[in-house]
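Asker: Okay, sequence plus prediction incoming.
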Amino acid sequence: MPAIHWKHRNGGDAQRFLATEAAGLEWIRVPGGPRVPEIVEVGSSRLGMERIPVGRPTREMAEAFGRRLAALHGAGAPSYGSPPPGAPGPDGWIGDLPMPYAARETFTEFWALDRLAATARMARDRGGLDAA
């Protein structure tokens, strides 16, 4: 059984991160969508999941995956920036960076406000960006 082991470099809550990751994986399990590993454990510092065997890529497999990916995207979400159902919130994560969830009408608004601006604020707060 493979597992994701995660330790937050900045004293964050590993268990909340892993629970959010597990909720996200469950959310993308849709009828006709790509195969998503079953979650078998959400611990305080690890996420255990089913191993999906690696296959040899073929044109047919790529086409089938494209159809399954289209089914996943077709399943939609309530809005851009929606959290996965069951996520412990209030933030999501990209690596060990907390990222806000917020309902946005357009992808552009979500990306600009909740990913680019949020990342720039964190970089500024951590001394990685200055006013210039």
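Answerer: Structure received.

Asker: so where do the strands sit in this protein?
Answerer: Assigned by DSSP state E, the strands in the chain fall at 3-5, 39-42, 46-49, 91-94, 97-100.

Asker: I'd like to know which elements the last one is packed against.
Answerer: Put plainly, it is strand 97-100. The contact analysis (3 or more CB pairs under 8 Å, 6 or more residues apart in numbering; DSSP states H and E) places strand 97-100 against strand 91-94, helix 117-125. Glycine gets a C-beta too; all of them are placed from N, C-alpha and C.

Asker: Distance of A103 relative to L113?
Answerer: To L113, A103 is 11 Å away according to CB to CB, to the nearest Å.

Asker: ok, now E63?
Answerer: For E63, the distance to L113 - CB to CB - is 36 Å.

Asker: now, of the strands of the chain, which is deepest in the fold?
Answerer: For these, average neighbour numbers computed from mean count of other CB atoms under 10 Å are highest in strand 46-49, which has a mean of 19.

Asker: Direction included, what does that one pair against?
Answerer: If you go by DSSP bridges, strand 46-49 pairs up with strand 3-5 (antiparallel), strand 39-42 (antiparallel).

Asker: Fine, thanks again, bye for now.
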